[in-house]
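Visitor: please work out how this folds:
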Amino acid sequence: MARPNAGTKGVPRLDREVQILDIASEQFGTHGYAATSVATVAEKAGISKPLIYNYFGSKEGLYEACLDRGGAIVAEEIERIARGDAVGIERGMQTLAGMFTLLEPQPHLWRLFFDTTAPTTGPIADSATLYADRIGKLAEEGVAELMALAGNSDQLDISAMTTVWLGIVDSLMDWWLDHPDQTADQMIQRCMRLLDALFGDHS
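Guide: Sure thing, here's the model as predicted:
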């Protein structure tokens, strides 16, 4: 007799969902929403398409579940760093280091949030906005601390610098994803050199 809440072949439903999300996240993050089919995800997971529809309702529901899980993973890591004692550039460096380390085995998660082929309205867009706002709030908090150290509390300056910082992070992540031979540690060391070039005392 099958166990309660068991998925296919006796695999517990929760374990099966994790497996599906792992595969779907990699497919969506690597190939994009439009180019990824439920059939491909099902084939790679060794299950049927109806099972995925049973669990997630639709392709949109599957992508939203991937976004929710990926967003939570990224946001929780940034929040963990924010709870520490680092401020200013040190906090920014720790954030970058945490992100590279977190994403090294799963870099495709980052691209889930910037997929131009994904729906721009509805639950998927709402989920993407939710996590973008959550991460943006943490970035603004860190930038405000950095600006305060420089004696600047101007809210427009903080807003502008937050946009700059988020752009830097996104650009570094994109560069890294385009250079998959680079390890997390190599990227951390590179960022230290870049930040030193930008903010170090070279007088």
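
Visitor: from now on I want contacts and neighbour counts done on CA atoms only, so please keep to that.
Guide: Noted.

Visitor: quick one: the strands in this structure, in order.
Guide: Counting by DSSP state E, one finds no strands in the chain.

Visitor: now do the helices in it.
Guide: Using DSSP state H, the helices found in the chain span residues 13-31, 38-45, 49-56, 59-82, 88-103, 108-111, 123-149, 155-177, 184-199.

Visitor: got the buried residues for the first one?
Guide: Burial within helix 13-31, assessed by neighbour count using 16 or more other CA atoms under 10 Å, is assigned to 16-17, 20-30.

Visitor: looking at these, spot the one nearest residue 160.
Guide: residue 29 (29.0 Å; CA to CA).

Visitor: let me see the contact set for the nearest residue to that closest one once chain neighbours are set aside.
Guide: Closest residue in space to residue 29, ignoring its immediate chain neighbours: residue 108 at 4.4 Å, by CA to CA, 6 or more residues apart in numbering. Residue 108 is in contact with 25-26, 28-30, counting by CA atoms under 8 Å, 6 or more residues apart in numbering.

Visitor: now these in CSV, with distance to residue 156 and pLDDT?
Guide: Output for the contacts of residue 108, formatted as CSV (distance: CA to CA, whole Å; pLDDT from 0 to 100):
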residue, distance to residue 156, pLDDT
25, 36, 96
26, 38, 95
28, 36, 96
29, 34, 93
30, 36, 92
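
Visitor: can you report phi and psi for residue 46?
Guide: phi 70, psi 30 (degrees, to the nearest 10).

Visitor: how near is it to residue 35?
Guide: Using CA to CA, to the nearest Å, residue 46 is found at 20 Å from residue 35.

Visitor: go on, residue 144?
Guide: 40 Å.

Visitor: neighbour count: the two, which is higher?
Guide: Set side by side, residue 144 and residue 35 show unequal neighbour counts under other CA atoms under 10 Å, the larger going to residue 144 at 23 against 11.

Visitor: touching, that one and residue 153? I think so.
Guide: Yes - assessed by CA atoms under 8 Å, residue 144 is found in contact with residue 153 at 7.3 Å.

Visitor: what do the two both touch?
Guide: Joint contacts of residue 144 and residue 153 (CA under 8 Å, 6+ apart) do not exist.

Visitor: got a list of what the residue nearest the centre of the chain touches?
Guide: Closest to where the C-alpha atoms of the chain average out (CA atoms, centre = their mean) is residue 110, at 3.9 Å. Counting by CA under 8 Å, 6+ apart, residue 110 touches 29, 70, 103, 173.

Visitor: now render those residues as a markdown table, adding distance to residue 39.
Guide: What follows is the contacts of residue 110, written out as a markdown table (distance: CA to CA, whole Å):
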| residue | distance to residue 39 |
| --- | --- |
| 29 | 16 |
| 70 | 22 |
| 103 | 26 |
| 173 | 29 |
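
Visitor: remind me which residues of the chain are low pLDDT?
Guide: 1-9, 201-203 (pLDDT under 70).

Visitor: rerun that using 90 as the cut-off
Guide: Residue ranges of the chain with pLDDT under 90: 1-11, 13-14, 88-89, 107-108, 113-114, 132, 195-203.
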